[in-house]
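Student: what would the 3D arrangement of this be:
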Amino acid sequence: MGFTNFLVENFNEFLTYTGFANATAGNIAMIVVGAVLIYLAIKKDFEPLLLIPIGLGIILGNIPFRTDAGLEIGLYEDNSVLNIFYQGVRMGWYPPLVFLGIGAMTDFSALIANPKLVLIGAAAQFGIFGAYMVALALGFEPNQAAGIAIIGGADGPTAIFLSSKLCPNLMGAIAVCAYSYMALVPLIQPPLMRLLTTKKERVIRMKPARQVSQTERILFPIIGLLLTTFLVPSGLPLLGMLFFGNLLKESGKTTRLAKTAGSALNDVIVMLLGLTVGCSTQASEFLTINTLFIFAVGACAFAVATASGVLFVKLMNLFLPEGKKLNPLIGNAGVSAVPMSARISNNLGLEYDRHNFLLMHAMGPNVAGVIGSAVAAGTLLGFLS
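Tutor: Modelled structure (predicted):
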């Protein structure tokens, strides 16, 4: 009889450790959210490299367990494996390494050949500063407003970097929001682009860009690094790694290093970044009214950034002679979702003229947007840190 009681007591104790005994409605809701993101990534092909790690991370981070058991398995428990991986997010190590990979994979020739396209990338950052004002009006503190506003740049690593420095308590919601809107670029941007342009503007053909010499491509990351970091030193971690990666690519002497930075290293960092960001969205921290405000302000920021880029091209065309006018469809590429936004410019242009290829033209403002979002983040960090 005593042995039976012993087994029953131990079994009942075991049950208190299971997820079934510790689950909350919030955990179940977040697990469903993670499953939906995985579905969108696999079935709808919405940025699977981002959404699959984040989706599974959300599920992983919301597996319920007894927090008083000292198991050291949760993301926020010291010495757990997930906590160790999460240090790269919390301390801001992963985003600069992602920028290293972006630099090693990016061809800046379109921007070098037509430097005025950098103005489009700068104009698209208006969404960031507009969203900052909105977030302040909603009652967020300046540091929190800055972290939320950077979502308008459509740059997940930059959003993580800035929020880890200024508002770590909101970082999970900001990161998931930023990556979600990046994945939804094909749904969000085309309606705005059609709304803000005429059929005549959509069929403007731009002259092919000039050939860029290897010397220009080598000098660009060096000059770009000096100009941007002298202007915004606080953006050095992101901008420094971006231009370093590009120099590895363009020097012609470090091809092996560039390939490693742009492939194997970048893939590892993106996996860990997505998984741990997803894990950080535990129901108790994520399911709050602030999260709803973050997603709402982020949507506004992204829409304003897209509209600003398109409208700025239309403004530029007022001062450009016939034959040199720009197609406003490339304005959406001013956000730094590389190369998704540039592909959308090209695809929408082909809808109205199947011989009008805008991809290379759109890559100019697209890569300018990467630089612009890093500069904007450095500016906000410099003012608020």
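
Student: thought Ile52 was touching Tyr39?
Tutor: No - in this structure Ile52 lies outside contact range of Tyr39 using CB atoms under 8 Å: 10.2 Å. All C-beta spots, glycine's among them, are computed from the backbone N, C-alpha and C.

Student: and the pLDDT for Ala69?
Tutor: For Ala69, the model assigns a pLDDT of 67.

Student: please disregard the earlier target; I meant Ala283.
Tutor: 86.

Student: quick check: longest helix in the protein by residues?
Tutor: The residue-count maximum for a helix in the chain (DSSP state H) belongs to helix 289-317.

Student: which strands or helices does that helix pack on?
Tutor: Helix 289-317 makes packing contacts with helix 118-124, helix 126-137, helix 142-149, helix 171-183, helix 185-196 when contacts are defined by 3 or more CB pairs under 8 Å, 6 or more residues apart in numbering; DSSP states H and E.

Student: and with 6 Å instead?
Tutor: Contacts defined by 3 or more CB pairs under 6 Å, 6 or more residues apart in numbering; DSSP states H and E place helix 289-317 against helix 118-124, helix 126-137, helix 171-183, helix 185-196.

Student: which intervals of the chain have sub-threshold pLDDT?
Tutor: Flagging of the chain using pLDDT under 70 yields the residue ranges 1-3, 69.

Student: quick one on the thing from earlier: distance to His355 and mean neighbour count for the helices and strands packed on helix 289-317 - can I get that in JSON lines?
Tutor: Output for those, formatted as JSON lines (distance: least, CB to CB, whole Å; neighbours: other CB atoms under 10 Å):
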{"stretch": "helix 118-124", "distance to His355": "23", "mean neighbour count": "25"}
{"stretch": "helix 126-137", "distance to His355": "32", "mean neighbour count": "21"}
{"stretch": "helix 171-183", "distance to His355": "30", "mean neighbour count": "26"}
{"stretch": "helix 185-196", "distance to His355": "19", "mean neighbour count": "17"}
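
Student: can you give me the angle the longest helix of the chain makes with helix 171-183?
Tutor: Helix 289-317 and helix 171-183 are oriented at 40 degrees to each other (axes from the mean of the first three to the mean of the last three CA atoms, to 10 degrees).

Student: next structured bit after helix 289-317?
Tutor: Later in the chain than helix 289-317, the nearest helix or strand by DSSP states H and E is helix 340-352.

Student: that next one: which residues count as buried?
Tutor: Neighbour counts over helix 340-352 (16 or more other CB atoms under 10 Å) mark Met340, Ser341, Ala342, Arg343, Ile344, Ser345, Asn346, Leu348, Gly349, Tyr352 as buried.

Student: quick one: the second one and Asn332 touch, right?
Tutor: When you say that, I think you mean Ser341. Yes - between Ser341 and Asn332 there is a contact under CB atoms under 6 Å: 5.5 Å.

Student: need the contact list for Ile52.
Tutor: The contact partners of Ile52, by CB atoms under 6 Å, 6 or more residues apart in numbering, come to Ile38, Ala41.

Student: now do Thr197
Tutor: Per CB under 6 Å, 6+ apart, neighbours of Thr197: Pro328.

Student: try it again with 7 Å
Tutor: Thr197 makes contact with Val310, Pro328, Leu329, according to CB atoms under 7 Å, 6 or more residues apart in numbering.

Student: how about Ser336?
Tutor: Gly153, Ala154, Asp155, Gly369, Val370, Gly372, Ser373.

Student: so it versus Leu257, what's the distance?
Tutor: Going from Ser336 to Leu257 by CB to CB, to the nearest Å gives 24 Å.

Student: same question for Asn79.
Tutor: 34 Å.

Student: of the two, who's got more company?
Tutor: Using other CB atoms under 10 Å as the criterion, Asn79 and Leu257 rank with Leu257 on top: 16 against 7.

Student: test my guess that the more buried one contacts Leu248.
Tutor: Yes - in this structure, Leu257 is within contact of Leu248 by CB atoms under 7 Å, at 5.0 Å.

Student: sorry, back to before: need the overlap of contacts for Ser341 and Asn332.
Tutor: Common neighbours of Ser341 and Asn332 (CB under 7 Å, 6+ apart) are Gln189.

Student: beyond the helix or strand that contains Gly240, next helix or strand please.
Tutor: Using DSSP H and E, Gly240 sits in helix 236-250. Remark: after helix 236-250, the chain's next helix or strand is helix 255-262, criterion DSSP H and E.
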